[in-house]
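got a sequence here, can you build the structure:
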Amino acid sequence: MALSFSVLASGSTGNAVYVETDRQRLLIDAGLSGKKIDSLFEQIARSPSELDGIFITHEHTDHIKGAGVLARKYQLPLYANPKTWQAMESSIGRIAADQKFVFEQNAVQTFGDLDIESFPVSHDAADPMFFVFHHEGKKFTIATDMGYVTEQTKGLIRNSDMYVFEANHDLNMLRMGHYPWNVKRRILGDTGHVSNEDAAAALAEVVGDRTSRVYLAHLSLDNNMKELARMSVQQILEEEESGVGYTFHLYDTDPYEAKPLVTL
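Numbering: from 1, shown residues only. Take a look at the predicted model:
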């Protein structure tokens, strides 16, 4: 009767998270090629053919690249909110009407033994949203692609058992890096991405006594490094006396390798 998950891939090149219970097997985003996602499932001894559905957070390519291919190949239901459907339909190819489902923002839907709660985030997409998964008293949150973490989001995700949480960039690396100024301004803006420092500040407010793991996710290949992100976030959380390293631990994610399945 457990809730398990694996971050199959996370980063600016593609994102996908697998969630399973005894009765449900779900994919959150499919931002890599169908072939690559198949191979990532093999790494955790699972198959996309076993999925009960794919849930899309927003229409950016690093979240939808393989969605249409997988939905057609395995005859899978595809869930997104109306504005995201409108924004991504031309990019994912034809999806049969009986495979298209709507999941509104600020909604809760029940799938077997799993309650899924959606919430909006501040990002430069049509209507971006992420999810909290509830299963038999356990709470698992995925929250990336945020220009900043709103008070509404903090309240909703507070004291989750586990988080997949954005730590996109190191501020100094981004400012000194080769990106054009308009791209830097987009990333730094309120509809861009959360920095290591901002991630730590938000986590200090939301982790609770039931939190055991935080996965730092959606790291920029050009403007961050795993070790830097973990050290930066850990240092701030230690200063806030949050319990990092004792009551909960930080973990990396990878753009190319699946993380082992973890059970709450």
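
where along the stretch 51-200 of the chain do the strands fall?
53-55, 78-80, 100-102, 108-111, 114-120, 129-135, 138-143, 162-166 (DSSP state E, counting those that start in this stretch).

would you turn these into TSV with distance to Asp190, mean pLDDT and mean neighbour count?
Yep, even glycine has a C-beta here, placed from its N, CA and C like the rest. Output for those, formatted as TSV (distance: least, CB to CB, whole Å; pLDDT from 0 to 100; neighbours: other CB atoms under 10 Å):
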stretch	distance to Asp190	mean pLDDT	mean neighbour count
strand 53-55	25	98	24
strand 78-80	23	98	25
strand 100-102	27	98	13
strand 108-111	27	98	14
strand 114-120	13	98	19
strand 129-135	17	98	23
strand 138-143	16	98	24
strand 162-166	14	98	27
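
make JSON lines out of those and add distance to Ala67.
Shown next, in JSON lines, are the strands of the stretch 51-200 of the chain (distance: least, CB to CB, whole Å):
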{"stretch": "strand 53-55", "distance to Ala67": "6"}
{"stretch": "strand 78-80", "distance to Ala67": "6"}
{"stretch": "strand 100-102", "distance to Ala67": "11"}
{"stretch": "strand 108-111", "distance to Ala67": "18"}
{"stretch": "strand 114-120", "distance to Ala67": "17"}
{"stretch": "strand 129-135", "distance to Ala67": "15"}
{"stretch": "strand 138-143", "distance to Ala67": "16"}
{"stretch": "strand 162-166", "distance to Ala67": "18"}
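
quick one, helices of the stretch 51-200 of the chain?
Taking DSSP state H, counting those that start in this stretch, the helices of the stretch 51-200 of the chain run over residues 61-64, 67-74, 82-92, 151-157, 171-176, 181-188, 196-206.

got a list of what Ser160 touches?
Going by CB atoms under 8 Å, 6 or more residues apart in numbering, Ser160 touches 132, 139-141, 206, 208, 210-211.

isn't Thr141 right up against Arg158?
No. Thr141 lies out of contact with Arg158 (CB atoms under 8 Å); the separation is 9.3 Å.

shouldn't His254 be within a helix?
Careful, residue 254 is Asp and not His. No. The assignment for Asp254 (DSSP: H, G, I helix; E, B strand; the rest coil) gives coil, which keeps it out of a helix.

was I right to think it contacts Ser6?
No. With contact defined as CB under 8 Å, Asp254 does not reach Ser6; the gap is 11.1 Å.

those two - which one has more neighbours?
Each of Asp254 and Ser6 has its neighbours counted (other CB atoms under 10 Å); Ser6 has more, 20 against 15.

in what helix or strand does the more buried one lie?
Here Ser6, judged by DSSP states H and E, is contained in strand 4-9.

now do the buried residues in the longest helix seen in the chain.
Longest among the helix segments of the chain by residue count, using DSSP state H, is helix 226-239. Buried residues in helix 226-239, counted by 16 or more other CB atoms under 10 Å: 228-230, 232-234, 236-237.
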